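K.L.:
what would the 3D arrangement of this be:
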Amino acid sequence: MGKKLDRAFDVMRERNRRDIEKLNQQKQQEQQEKEKNESRDPSDRADSADSRDGRKWDELTPEEKAKAFHAGEEPGSEPGKVELEKGDLPAMIISALLVFGPVFLVLFGILALAWVFLH
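P.N.:
Just a heads-up that it's a prediction; the model follows:
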């Protein structure tokens, strides 16, 4: 029985070691990708929200205006600032209720069961 238990622990240790190695490799890859993305020229990035570099809207080229508009900025807005539309708030509230509603239902259900069984 002791040999089987020792073997089971050895297998678990080996699996944990492999999992840790995989996680370390993933972290290294993510770090390399992050460094690679940081070293790229910001003008080459299509998703760059900082394409304005503090300049006013009128000073931007049409390509920079397109990038800034795609990032959510509007003509006349401050660089890097994305403003909410009037219809965004109700949509955000509804999505928050859809996400957190079931969580609260489960929590209140657990509390109700605890109340029933403890009293």
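K.L.:
please make it C-alpha for all contacts and neighbour counts, starting now.
P.N.:
Fine.
K.L.:
pLDDT below threshold where in the protein?
P.N.:
Within the chain, the ranges that satisfy pLDDT under 70 run 40-55, 57, 72-84.
K.L.:
change it to 50
P.N.:
For the chain, the stretches flagged by pLDDT under 50 are 44-50.
K.L.:
can you give me the helices in it?
P.N.:
Ranges of helices within the chain are 2-39, 62-70, 88-118, based on DSSP state H.
K.L.:
can you say which of those helices is packed in most?
P.N.:
Mean neighbours per residue, mean count of other Cα atoms under 10 Å, is largest over these for helix 62-70, with a mean of 17.
K.L.:
packing partners of that helix?
P.N.:
Helices and strands touching helix 62-70, by 3 or more Cα pairs under 8 Å, 6 or more residues apart in numbering; DSSP states H and E: there are none.
K.L.:
what's the spacing between it and its chain's center?
P.N.:
Between the centre of helix 62-70 and the centre of its chain there are 24 Å (Cα atoms, centre = their mean, to the nearest Å).
K.L.:
for stretch 93-112, same thing?
P.N.:
Here stretch 93-112 is found 22 Å from its chain centre; the criterion is Cα atoms, centre = their mean.
K.L.:
give the contact list for Lys34.
P.N.:
Counting by Cα atoms under 8 Å, 6 or more residues apart in numbering, Lys34 touches no other residue.
K.L.:
against Glu14, how distant is it?
P.N.:
Going from Lys34 to Glu14 by Cα to Cα, to the nearest Å gives 30 Å.
K.L.:
got the domain boundaries for the chain?
P.N.:
As assigned by automatic domain parsing, the chain contains the domains 1-39, 41-83, 85-119.
K.L.:
that older thread, as CSV, the helices of the chain with distance to Lys56 would be great.
P.N.:
Listed next are the helices of the chain as CSV, based on distance: least, Cα to Cα, whole Å:
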stretch, distance to Lys56
helix 2-39, 25
helix 62-70, 10
helix 88-118, 26
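K.L.:
which ones are touching Asp88?
P.N.:
Under the criterion of Cα under 8 Å, 6+ apart, Asp88 has no neighbours.
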